[in-house]
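> Compute the structure for the input listed below.
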Amino acid sequence: MMSQKYIYPSLFQEEEPQESVPGDKKEYDLTNLFERLAKSDFRSRFHLSKQDREYVMEKGLPTIRKHAEDFVAKRLAPAVIPNDGKQTPMRGHPVFLAQHATGCCCRGCFFKWHHISAGRALTKEEQEYAVAVLMAWIEKQMNKG
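This is a model prediction of the structure:
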């Protein structure tokens, strides 16, 4: 069987398409996304509480990333989500807050903010992108004084 190379289209106009190599962790320029999210009254009202920060510090970022991967795989990635739009709690875990803050909470918001259409399962790369967005938001929150 012949090995195929895939070129994935960029998520934002100013980005150039990059060749994907299996096993590579992509770096995303999320500057434009976070600028757009900051202009949303709803999205910008989310912040990690003291308790959330303590939870992240106690568990560590690698564990929080695993939680994010799991939540994305189970709650965002499926093609059909019976309770889409209501599947992500507003509190209870730092990743839930990050999902709302970044528009990764349901497929409708994911399409609106990230231009990735609903009605089909997310690819592995799209799931990795969502996790990267969530972790970037959490890390920004952890670095705030």
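> List the contacts of the residue nearest the centre of the chain.
The chain has Ala130 as the residue nearest its centroid, 2.7 Å off, counting by C-alpha atoms, centre = their mean. With contact set as C-beta atoms under 8 Å, 6 or more residues apart in numbering, Ala130 has these partners: Ala68, Val72, Leu76, Cys104, Phe110, His114, Leu122. In short, each C-beta sits where N, CA and C put it, glycine included.
> Could you work out the most separated pair of those residues?
Within the contacts of Ala130, two members stand farthest from each other by C-beta to C-beta: Ala68 and His114, at 15.0 Å.
> Which one's more surrounded, the two?
Neighbour totals were compared for Ala68 and His114, and Ala68 leads with 26 against 18 (other C-beta atoms under 10 Å).
> What residues of the lengthiest helix in the chain count as buried?
Counting residues, the longest helix in the chain under DSSP state H turns out to be helix 124-143. By neighbour count, with 16 or more other C-beta atoms under 10 Å as the criterion, the buried positions of helix 124-143 are 126-138, 141.
> same thing with stretch 67-86?
Taking 16+ other C-beta under 10 Å as the basis for neighbour counts, the residues of stretch 67-86 that come out buried are His67, Ala68, Glu69, Phe71, Val72, Arg75, Leu76, Ala77, Ile81, Asp84.
> Would you mind measuring from the last one to Arg75?
In this structure, Asp84 and Arg75 are separated by 9 Å, where distance is defined by C-beta to C-beta, to the nearest Å.
> okay, and the common contacts of these two?
With C-beta under 8 Å, 6+ apart as the test, Asp84 and Arg75 reach no residue in common.
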